[in-house]
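[1] sequence unknown, structure follows:
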């Protein structure tokens, strides 16, 4: 897989084999595999004296819908690009108009991975001590972070 900025101000990610599509598509499953969604988990951080009840009633539903809309847009884009490439090598473009949804989806996936595995500082993780599942999640998290960095540097200026 290769990623590069486009002349139009977006980002192009080229899948070189079918496995690359699976890695990219894992964003959706990583972001949604927790029992509680991210909006609920964020709402749970608000203390009662800081207005937790209002947060749950007014903020969480809109936040949940926004997060889900971002995941739906990204999931549909990945599916469409996979079909267009017949599951083989092929590109997907992240346009400036869609970059915030992609950033959100990558962020939701990274936060869910961190909540599940508690990797903390990536530099301190000993990959040899991780199970195959943990190692895979760690690598996906690092991949998501790298793409977020490219989005910040080249698209979300």
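    Everything's here; your move. The structure presented is a predicted model; accordingly, all values stated were derived computationally and were not measured. Residues are numbered from 1 along each chain as shown.

[2] ok, residue 79 - contacts?
    Going by C-beta atoms under 8 Å, 6 or more residues apart in numbering, residue 79 touches residue 25. For every residue, glycine as well, the C-beta is placed using N, CA and C.

[3] wait, residue 81
    For residue 81, the contacting residues are 15, 90-92, by C-beta under 8 Å, 6+ apart.

[4] can you tell me how far it sits from residue 40?
    Going from residue 81 to residue 40 by C-beta to C-beta, to the nearest Å gives 30 Å.

[5] Residue 21 too?
    Applying C-beta to C-beta, one obtains 30 Å for the distance of residue 21 from residue 40.

[6] higher neighbour count, those two?
    More neighbours surround residue 21 than the other of residue 21 and residue 40, with 21 against 14 (other C-beta atoms under 10 Å).

[7] Which SSE is immediately downstream of the helix or strand hosting the more buried one?
    Residue 21 belongs to helix 18-32 when assigned by DSSP states H and E. Where DSSP H and E defines the elements, the next helix or strand beyond helix 18-32 is helix 38-43.

[8] From the centroid of this structure, which residue is nearest?
    residue 106 (1.7 Å; C-alpha atoms, centre = their mean).

[9] Could you pick out the longest helix of the protein?
    The residue-count maximum for a helix in the chain (DSSP state H) belongs to helix 60-84.

[10] contact partners of the lowest-mean-pLDDT helix or strand in the chain?
    Lowest mean confidence among the helices and strands of the chain (mean pLDDT, DSSP states H and E): helix 38-43, at a mean of 78. In this structure, residues lying in contact with helix 38-43 by C-beta under 8 Å, 6+ apart are 31, 34, 52, 55-56, 59-61, 63-64, 67, 108, 111-112, 115.
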